[in-house]
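*Asks:* Give me a model of this one.
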Amino acid sequence: MPIFDESDPQENNRLYRLVNRLHMNTRSKVVRTQLLFREGDLLEINNIFESERILRSRNYLTNAYIIPTVICSDAVDLMVVTQDSWSLEPQFSLRKESEGTKSGFAIADGNIFGSGNSFTVGYEENSQRNLVHYEFKNPHVFNSQIATRLYYADTSDGKNTIVDISHPSIH
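*Replies:* All right, here's what the predicted structure looks like:
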């Protein structure tokens, strides 16, 4: 589903229609990757509820539902419905510290090309240093539940690199 519901008179205006057209929706493959069940699996209701919870926890999705569409004696067809949220986010900061003022700005896209990946580029400065930083996050490496975070900062007094790999613990 698009960000704004154009069938709703309150959301059917030029600005909202423009946002819907500019925004690239999350790809179906990205949503399927996060489901705890696959076609042909034995249906376990807890996997459906947990899959909905996982999808709703994503910053780039506003909502998610998994609805049975066809129920037979030996099979159930499920429809997964998601609604995207606006994922391009400007960030600004200004803070007074004991050494002086710290300021910064960044632009982040939490769903690059509908991939579920995020990218941030930013600039910060204070009385001691300035830095340009880049951060890339992929929550589904090779369509798995493994997540990576790559961070690089070029500062006036050196460089900083972080590579983080994680896997959620689901019980």
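
*Asks:* ok, now which ones touch the most centrally placed residue in the chain?
*Replies:* The centre of the chain sits closest to Y60, judged by CA atoms, centre = their mean, with a distance of 4.0 Å. Y60 sits next to 26, 84-85, 87, 110-111, 116 when contact means CB atoms under 8 Å, 6 or more residues apart in numbering. In this view, the C-beta of every residue, glycine as well, is placed from N, C-alpha and C.

*Asks:* again, only this time at 10 Å
*Replies:* Shown in contact with Y60 (CB atoms under 10 Å, 6 or more residues apart in numbering): 23, 25-26, 30, 82, 84-87, 109-112, 114-118, 139.

*Asks:* how far away is it from N117?
*Replies:* The spacing between Y60 and N117, counted by CB to CB, to the nearest Å, is 10 Å.

*Asks:* Find residues that contact each of those two.
*Replies:* Residues touching both Y60 and N117 (CB under 10 Å, 6+ apart) are 30, 109-111, 139.

*Asks:* Identify, from the residues you listed, the entry nearest to N46.
*Replies:* Nearest to N46 out of those is P139 (CB to CB; 21.6 Å).

*Asks:* Check what contacts the strand or helix carrying Y134 and list those residues.
*Replies:* Take DSSP states H and E as the rule and Y134 turns out to sit in strand 130-138. With contact meaning CB under 10 Å, 6+ apart, strand 130-138 is reached by 103-104, 106, 108, 110, 112, 115-125, 146-160, 162, 164-165.
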